[in-house]
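> Generate coordinates for the sequence data below:
(chains A and B)
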Amino acid sequence: MSDKTFILTVVTPERRVFQETVNMVIVRTTDGEMGVLPGHIPLVAPLAIGPLRIKTGDDERKAAVNGGFIEVTAQQVIILSESAEMEEEIDVARAESARQRALARLDKRQADVDYARAQAALQRAIIRLKVAGHEG
Amino acid sequence: MANTRDIKRRISSVTNIGHITKAMEMVAGAKLRRAQANVIAARPYTLHLAQLISRLQKSGLEVSNPLLETREGPPAYIVIAGDRGLSGAYNANTLRFAQEAVGKTPGPVIVIGRKAKDFMSKRGQDIIGEYSLRFEDPVYMDATSIMKPLIDNFHNGIFGSLHLIYTEFVSVLNHKPTMVQLLPIVGLVDSEDTGPYIYEPSPQEVLERLLPRYLYSLVYQGLLEARASEFGAQRTAMKSATDNANEMLDQLTLSYNRARQTAITQEILEVVNGAQALEG
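Model prediction:
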């Protein structure tokens, strides 16, 4: 693995989730998966609800990111998201019950159910479970 | 002079009040520290979003968004105050400031906190939305659920501009009622020129996603600052209540001792007089 690095910062409205020197990140943008290596051209792109993979040396860490933006500059990469958790921070029980709730809501097929919202909630729960290593 | 039993009763009730206000002061202090940390933790996110937007605007790319455009229509106001009293002049100051602003250019209000609601409805203001901060810390979701319908209202032309009135947390002892304009979006921070960026899928689409999130973060920031100011005011109010109780206690103790002394003197006099009467 290359010894080139950049600083990755993950910021949410509530806190700074992550800030470290890393070798590579892989995010899911609204257009699909994207890998960022040091020296990437400056870019701003919206993110989808998806996993974030962070590679440092041989080590790989994961995080669940609920949309937002990635900003790549020459020196650093900033991820701005409305919420994000590192894999070890994820509350599996809570994510599982959120998944059940979202499924139940989608199942009912009632007029008053906001489908887009339930879909997004389901998506978030699935990604959280995946990142935490509990496939739903 | 009051008798010793009455004074003793008052001493014990003032002591109790002192204990209660002291406890409330400590609780407010602990909450204040947490609220303060939340205010600081929220700043980087808002700042980054503002920088992204201003950079995009200055990039020379052709982008536009209705949220950035001035339009006709009355202003609307979001007013953040507390849910309860016991916080000194906090609510009064904030609401007097709000009343002045709304009085100058009238428009519908969105009230956050029971005190704001009571105040505005008593004055016959047109309330188009009401929320409560409850007794917990505000979370980001509170800001999105407040702001989302308001963005739609702006699109539908229900009001021409939107202002946020809250108490800015300058420092622990300094809280200042302020008003910031939310819509149309103005006054973004300056960003240093960091060269051209690629915007994917398109600059227009990135802007469309950035703007609402920026608004949510501003409202969130306002909620947090208002909360921190409220706890700051509450702690100060409880501290002065405790100080007053202590002062009162000193005075009561003094008059208790005097009353007791007088009673003893009286008794001695009676004994001496009685003895003299027997001798004589």
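
> in what helix or strand does the most centrally placed residue in chain A lie?
In chain A, the residue lying closest to the centroid (Cα atoms, centre = their mean) is A:Val65, at 2.1 Å. Using DSSP states H and E, A:Val65 sits in strand A:59-72.

> Need the CA coordinates for that strand. CSV is fine.
Taking Å, rounded to 0.1, in the frame of the first residue of the first chain, the C-alpha atoms of strand A:59-72 are listed here in CSV:
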residue,chain,number,x,y,z
ASP,A,59,-6.2,-1.7,8.6
GLU,A,60,-9.8,-1.1,7.4
ARG,A,61,-12.5,0.6,9.4
LYS,A,62,-16.1,1.1,8.6
ALA,A,63,-18.8,3.6,9.3
ALA,A,64,-22.5,4.1,8.4
VAL,A,65,-23.1,7.4,6.8
ASN,A,66,-26.7,8.7,6.3
GLY,A,67,-26.3,10.8,3.2
GLY,A,68,-24.6,14.2,3.1
PHE,A,69,-21.6,15.4,1.1
ILE,A,70,-18.0,14.5,0.4
GLU,A,71,-15.6,17.3,-0.2
VAL,A,72,-12.2,16.4,-1.6
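
> what pairs with that strand, and is each one parallel or antiparallel?
Sheet pairing of strand A:59-72 (DSSP bridges) gives strand A:43-56 (antiparallel), strand A:76-80 (antiparallel), strand A:84-86 (antiparallel).

> Give the residue spans of the chain that score low on pLDDT.
Just so you know, I chose chain A. The model of chain A has pLDDT under 70 over residues A:1-3, A:109-113, A:135-136.

> please go with chain B instead
B:1-2, B:135, B:190-194.

> about what we covered before: may I see the strands paired with strand A:59-72 organised as CSV, with mean neighbour count added?
(Glycine included, C-beta is placed from N, CA and C.) Shown next, in CSV, are the strands paired with strand A:59-72 (neighbours: other Cβ atoms under 10 Å in any protein chain shown):
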stretch, mean neighbour count
strand A:43-56, 20
strand A:76-80, 22
strand A:84-86, 21
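
> Do a quick rundown of the helices in the chain.
Picking chain A for this. Along chain A, counting by DSSP state H, helices occupy A:92-108, A:115-131.

> nope, chain B
Read by DSSP H, chain B holds these helices, from start to end of the chain: B:4-58, B:90-104, B:114-122, B:140-155, B:203-279.

> Per the annotation, how does chain B divide into domains?
B:4-16+B:240-279, B:22-236 (automatic domain parsing).

> ignore the last one, chain A
A:6-87, A:91-131.

> Packed most tightly, which of these would that be?
domain A:6-87 (a mean of 18; mean count of other Cβ atoms under 10 Å in any protein chain shown).

> How far off centre is that one?
8 Å (Cα atoms, centre = their mean, to the nearest Å).

> How far does that domain stretch from one end to the other?
21 Å (Cα to Cα, to the nearest Å).

> Ok, stretch B:115-130 next?
11 Å.

> Contacts for that stretch, please.
For stretch B:115-130, the surrounding residues in contact (Cβ atoms under 8 Å, 6 or more residues apart in numbering or on different chains) are B:76, B:79-85, B:91, B:94-95, B:98-99, B:102, B:107-112, B:146, B:149-150, B:153, B:158.

> buried sites along it?
Residues of stretch B:115-130 classed as buried by neighbour count (16 or more other Cβ atoms under 10 Å in any protein chain shown): B:115-117, B:119-120, B:125, B:128.

> Tabulate these (TSV), appending distance to B:Met248.
What follows is those, written out as TSV (distance: Cβ to Cβ, whole Å):
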residue	distance to B:Met248
B:Lys115	28
B:Ala116	33
B:Lys117	35
B:Phe119	32
B:Met120	37
B:Gln125	40
B:Ile128	46
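
> of those, closest to chain A?
B:Ile128 (21.6 Å; Cβ to the nearest Cβ).

> Now do that closest one against B:Thr167, distance only.
22 Å (Cβ to Cβ, to the nearest Å).

> Kindly report the same for B:Arg84.
15 Å.

> Just the buried subset of the contacts of stretch B:115-130, please.
Buried, going by 16+ other Cβ under 10 Å: B:76, B:79-83, B:91, B:94-95, B:98-99, B:102, B:107-112, B:146, B:150, B:153, B:158, out of those.

> So which residues on chain B come close to chain A?
Taking Cβ under 8 Å from any Cβ of the partner chain as the contact definition, chain B meets chain A at B:38, B:41-42, B:44-46, B:48-49, B:52, B:56, B:139-140, B:143-144, B:194-201, B:205-206, B:209-210, B:213, B:216-217, B:220.

> Nearest spatial neighbour of residue 76, chain-adjacent residues omitted?
You didn't pick a chain, so chain A it is. Ranked by Cβ to Cβ, 6 or more residues apart in numbering or on different chains and with sequence neighbours excluded, the top spatial neighbour of A:Gln76 is A:Ile7, at 4.3 Å.

> hm, I was asking about chain B
The shortest distance from B:Ala76 to any non-neighbouring residue, by Cβ to Cβ, 6+ apart, is to B:Phe159 (3.8 Å).

> And the one you found, how far from chain A?
25 Å (Cβ to the nearest Cβ, to the nearest Å).

> what does B:Thr15 give?
Per Cβ to the nearest Cβ, B:Thr15 is found 42 Å from chain A.

> What is the burial count for the residue nearest to that residue when sequence neighbours are not counted?
Nearest non-adjacent residue to B:Thr15, counting by Cβ to Cβ, 6+ apart: B:Leu249, 6.4 Å away. Look at B:Leu249: counted by other Cβ atoms under 10 Å in any protein chain shown, it has 16 neighbours.
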